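K.L.:
Compute the structure for the input listed below.
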Amino acid sequence: MTDLVTTERDGAVLIIRLVNSKSRNSLTLEMRSQIGQAVALAEQDASVRTVFLTGEGPTFCSGGDLQHLKTACDPWTVHRRFRGFSHWLIPLMTLDKPVVVGVNGHAVGGGMGLALTGDVILAGESAQFMSGFFRVGAVPDIAIMYTLPRLIGMAQTRKFLYSGGTFTARQAENLGLVARVVPDADVYNAGLEEARRLAEGPAPVMGLAKTLMARSFETTMTDMLAAEGLGQALAMSHPEFREGLNALIERRPADFIGAPETTQVLSRGEQ
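P.N.:
Next up, the predicted model:
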């Protein structure tokens, strides 16, 4: 199988890179499968604390494979393709580790949906986020109708999708979609640096918070507070909590990565 997605380790960061620039990193079935394999690697390896997802070439991801769609649009083929989300898209969105996305060039249609799976999104100055779905008479997918209203609100989402709109990097930053805009040449290094920074923090606890926040729009206040309490009980039982607390008291930088080896869980007698 041709490598359309590569993985590389940089300390505690797993770098996932789309490398099929010939097809503008379109989401072919093979591409989706290989993204799923890379995410599974991140999920299963406890030494991976953060993920950095980016694309090679002038396009981050051009969305659906148009040539494939010409012959694969009958109901059952489409149904099976979307059932496949459970193998790659949902694991990426629910990965209990911080995910940084570096967007270079265009993120079109489903490619924009892929970009929005990130917890922190950085974009090059010339990056563009394009809807494109209604141009071909398709419903927005790759979770855009889930993520985009939560990020910018329903009215802005409708305006963007119905107009076949495009957000420049700066517009996306102003709307809160993008955390930071950097020079095009700096997307990779800036994204990797952000992933390294998150890896040095309490990554497992940040992953837990990510899981809880994903429930916030479908959960009552009472249930959310209960989930926070259970989450906090779990977080405070982790060695990285003890390290962070000790570091704050001792007025020194916390070593969260080394915490599981150097600290102990708070015992009942110490509470």
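K.L.:
Now do the same contact list for the residue nearest to G84 when sequence neighbours are not counted.
P.N.:
Residue nearest to G84 in three dimensions, not counting chain neighbours: R32, with 6.4 Å by C-beta to C-beta, 6 or more residues apart in numbering. Every residue, glycine included, has its C-beta placed from N, CA and C. Each residue near R32 by C-beta atoms under 8 Å, 6 or more residues apart in numbering is listed here: G84, H87, W88, L89.
K.L.:
out of those residues, which are buried?
P.N.:
Among the contacts of R32, those buried by neighbour count (16 or more other C-beta atoms under 10 Å) are W88, L89.
K.L.:
and the contacts of R32 as TSV, adding secondary structure and distance to Y162?
P.N.:
As requested, the contacts of R32 are exported to TSV (DSSP: H, G, I helix; E, B strand; the rest coil; distance: C-beta to C-beta, whole Å):
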residue	secondary structure	distance to Y162
G84	coil	28
H87	helix	31
W88	helix	28
L89	helix	24
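K.L.:
okay, I16: pLDDT?
P.N.:
I16 is assigned 98 on the pLDDT scale.
K.L.:
Is it within a helix or a strand, and which one?
P.N.:
strand 13-18 (DSSP states H and E).
K.L.:
For stretch 193-211, give the mean pLDDT please.
P.N.:
Per-residue scores along stretch 193-211 average to 95.
K.L.:
Start and end of that stretch, how far apart?
P.N.:
24 Å (C-alpha to C-alpha, to the nearest Å).
K.L.:
Pipe the contacts of R32 into JSON lines and attach pLDDT and distance to A247 per row.
P.N.:
Formatted as JSON lines, those follow (pLDDT from 0 to 100; distance: C-beta to C-beta, whole Å):
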{"residue": "G84", "pLDDT": "86", "distance to A247": "43"}
{"residue": "H87", "pLDDT": "92", "distance to A247": "39"}
{"residue": "W88", "pLDDT": "95", "distance to A247": "37"}
{"residue": "L89", "pLDDT": "95", "distance to A247": "37"}
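K.L.:
from the contacts of R32, which single one is nearest A12?
P.N.:
Distance to A12, by C-beta to C-beta, is smallest for W88 among those, at 22.6 Å.
K.L.:
ok, the closest one to R49 distance?
P.N.:
Distance of W88 to R49, given as C-beta to C-beta, to the nearest Å: 21 Å.
K.L.:
And Q232, by the same measure?
P.N.:
Counting by C-beta to C-beta, the gap from Q232 to R49 is 20 Å.
K.L.:
At the geometric centre of this protein, which residue do we find?
P.N.:
G118 (2.3 Å; C-alpha atoms, centre = their mean).
K.L.:
Just read off the phi/psi values of that one.
P.N.:
G118 adopts backbone torsions of phi -70, psi 150, taken as degrees, to the nearest 10.
K.L.:
Please renumber the chain so that the first residue is 201 from this point on.
P.N.:
Sure thing, new numbering starts at 201, so read that last one as G318.
K.L.:
Is it in contact with L253, as I believe?
P.N.:
Yes. With contact defined as C-beta atoms under 8 Å, G318 counts as touching L253 (6.6 Å).
K.L.:
so what's in contact with the two at the same time?
P.N.:
With C-beta under 8 Å, 6+ apart, G318 and L253 have common neighbours V299, V300, V301.
K.L.:
and which of those is nearest I457?
P.N.:
Proximity of those to I457 (C-beta to C-beta) peaks at V300, which lies at 16.8 Å.
K.L.:
Tally up the residues packed near that closest one, please.
P.N.:
27 (other C-beta atoms under 10 Å).
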